[in-house]
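> what would the 3D arrangement of this be:
(one chain, ligands or ions: 1)
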Amino acid sequence: MSANVTTETLGLHVRDLDAGYGAATVIREVSFDVAVGEALAVVGRNGMGKTTLLKAIMGHAGRTTGTVRVGDSDVTGRPAHRIVRLGVGYAAQEGNLFTDLTVAENLQAATMHLPRGHTAKRREEVLAYFPVLTNRLWQTAGTLSGGEQKMLVLSLALLREPRLLIIDEISDGLQPSVVDTVGDVLRAERERRGISLLMAEQNVDLSLRVADRVAVLKLGRIVSTVDSTAEGVRDHLMKELAP
Ligand SMILES: Nc1ncnc2c1ncn2[C@@H]1O[C@H](COP(=O)(O)OP(=O)(O)OP(=O)(O)O)[C@@H](O)[C@H]1O
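Predicted coordinates:
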């Protein structure tokens, strides 16, 4: 995290967010909070606006109104690289890998501006989460399997020790055992480091395993938010996501 961060309390506070592309509004009047140390999953079927919501938060969607605060900083419309400097990790759905560079070079690039001694320890911790990457350090990222690329994208976000982690459909295309591993990693990061987490997902079981609350996004609006330990919550969410 950069030295001039204004706050240690990186919750996320979204108010009246509208976002879209050109004339089309995709996200409508979305408001929610992720408290410090809390995890919120936003679930929704294909095309309901999950990615657009996260992109709008990270300053990537075409047109955005409303406000986004990270801790006590108003970051509405700020470019992603400036939001990341506050201590936010962002694992985008398409990933943001340097596909022509090796896994090791990608890891190095992600931590270029951080103190070296500290980074080495963190790199070990992150690679311990995904040992398969250790065997792929000298392979170019573009030649990794889809699942391996997802693990690398998450690893890059984790390397910088974010206080707030924002991840977009990390389970998409992953085999069940790797989804389980991702769940273990996110739970471990919450327990060990107390991170705040916003995850867009279609996988109800992963969402319930990791998140404290789950919000349902339909046609760009949050239509309900449920506690992940509430009775009947899985059935409720499966119904909401049914075609
Ligand atoms: N760059 C873009 N330009 C125009 N429309 C877009 C753009 N990106 C997404 N959309 C549209 O916005 C709507 C929401 O898409 P989005 O990718 O946010 O949904 P999603 O819930 O993440 O879906 P999925 O689970 O399939 O990834 C869709 O109708 C999509 O076609």
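> gap between Asp180 and Leu127?
As for Asp180, its distance to Leu127 is 18 Å (criterion: C-beta to C-beta, to the nearest Å). Placement of C-beta: from N, CA and C, glycine included.
> stretch 206-221 - what's its average pLDDT?
In this model, stretch 206-221 has a mean pLDDT of 97.
> wait, does that stretch contact the ligand?
No: judged by C-beta under 6 Å from any ligand atom, stretch 206-221 makes no contact with the ligand; its nearest approach is 6.8 Å.
> now the terminal residues of that stretch, how far apart.
22 Å (C-alpha to C-alpha, to the nearest Å).
> for the chain, which residues are neighbours of the ligand?
Proximity of the chain to the ligand, by C-beta under 6 Å from any ligand atom, involves residues 21, 24, 26, 44, 46-52, 169, 202.
> what about 5 Å?
Tyr21, Val26, Asn46, Gly47, Met48, Gly49, Lys50, Thr51, Thr52 (C-beta under 5 Å from any ligand atom).
> in TSV: those, plus secondary structure, pLDDT and neighbour count.
As requested, the residues of the chain next to the ligand are arranged in TSV below (DSSP: H, G, I helix; E, B strand; the rest coil; pLDDT from 0 to 100; neighbours: other C-beta atoms under 10 Å):
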residue	secondary structure	pLDDT	neighbour count
Tyr21	strand	89	12
Val26	strand	94	21
Asn46	coil	92	9
Gly47	coil	93	11
Met48	coil	94	23
Gly49	coil	95	26
Lys50	helix	96	24
Thr51	helix	94	19
Thr52	helix	94	24
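> which helix in the chain has the most residues?
helix 176-193 (DSSP state H).
> other SSEs contacting the next helix or strand after that helix?
Sequence-wise, the next helix or strand downstream of helix 176-193 (DSSP states H and E) is strand 196-201. Strand 196-201 is packed against strand 24-34, strand 39-43, helix 50-57, strand 164-168, helix 176-193, helix 204-210, with contacts defined by 3 or more C-beta pairs under 8 Å, 6 or more residues apart in numbering; DSSP states H and E.
> what angle sits between the longest one and strand 196-201?
Interaxial angle, helix 176-193 versus strand 196-201 (axes from the mean of the first three to the mean of the last three C-alpha atoms, to 10 degrees): 160 degrees.
> so for helix 176-193, mean pLDDT?
Model confidence over helix 176-193 averages 94 on the pLDDT scale.
> which other helices and strands contact it?
Secondary elements touching helix 176-193 (3+ C-beta pairs under 8 Å, 6+ apart): helix 116-129, helix 146-159, strand 196-201, helix 204-210.
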